[in-house]
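>>> When you get a sec, could you give me coordinates for this:
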Amino acid sequence: MQVRSLLLLLALILVAAAAEAGKSKKEKTKKDGSKCEDWRWGPCVPNSKDCGLGYREGTCKDESKKLKCKIPCNWKKKFGADCKYKFESWGGCSAQTGLKTRSGILKKALYNAQCEETVYVTKPCSSKIKSKSKGQ
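Predicted structure coming up:
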C-alpha cells in the first residue's frame with residue numbers, strides 16, 4: 001500500500017513538473033507583476049570594455065527594469081549589437097583602394113533599436129592567391 005502511494009505521489013510530481021516546463025516564455029515573464037505593455041529598451045551596455053556580459057535598461061511609464069544581455073565580441077560596432085542584417089557576397093577587389101565591399105539590408109531591429117536600413121562594409125583585399133588546381 002505504501003509503495004502504491006509513493007508511486008502515485010511521484011507520478012503527480014512528474015506531471016506538475018511537466019506542466020510547469022510546458023508554459024510558454026510569455027507566461028513566465030508575466031510573473032514580475034508589471035501590467036505595462038509599452039516597454040522602451042535602451043542599448044546593451046557591457047560591464048567592461050566594449051563587449052561581453054552587460055545589461056540594458058527599460059522604462060514603461062514610471063516603471064524601470066534592467067535585463068541581462070550580451071554583446072558578442074565580434075559584433076560590428078558601427079551597426080550596434082541590436083541591429084541584424086542580411087549581407088550579400090563580397091564584391092571584387094578595387095585596385096585603387098585595395099578594399100572589397102558588400103552591403104547588408106536590415107533584417108531585424110531588437111529592443112526598438114534605431115537601425116539604418118542599408119549598411120556598407122569594407123575589408124582589405126586578401127594578399128593570398130587562391131589556386132584552383134588542388135592535387136594536380
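>>> In this model residue 45 seems to touch residue 51, though I could be wrong.
No - applying C-beta atoms under 8 Å as the test, residue 51 and residue 45 come out as separate, 11.1 Å apart. Heads up, the C-betas are built off the backbone N, CA and C, glycines and all.
>>> okay, those two: which has more neighbours?
Comparing residue 51 with residue 45 by other C-beta atoms under 10 Å, the one with more neighbours is residue 51, at 16 against 12.
>>> In this protein, where's the longest helix?
helix 2-21 (DSSP state H).
>>> same question for that one, mean pLDDT?
Averaged over helix 2-21, pLDDT sits at 72.
>>> again, but for stretch 53-63
90.
>>> What are the contacting residues of that stretch?
34, 36-47, 64-71, 111 (C-beta atoms under 8 Å, 6 or more residues apart in numbering).
>>> Give me the buried entries from the residues you listed.
39, 41, 42, 43, 44, 46, 69, 71, 111 (16 or more other C-beta atoms under 10 Å).
>>> Sort out which of the contacts of stretch 53-63 are in helices and list them.
Using DSSP H, none of those sit in helices.
>>> hang on, the earlier thing: how far is the longest helix of the chain from where the chain is centred?
Centroid displacement of helix 2-21 relative to its chain, using C-alpha atoms, centre = their mean, to the nearest Å, is 37 Å.
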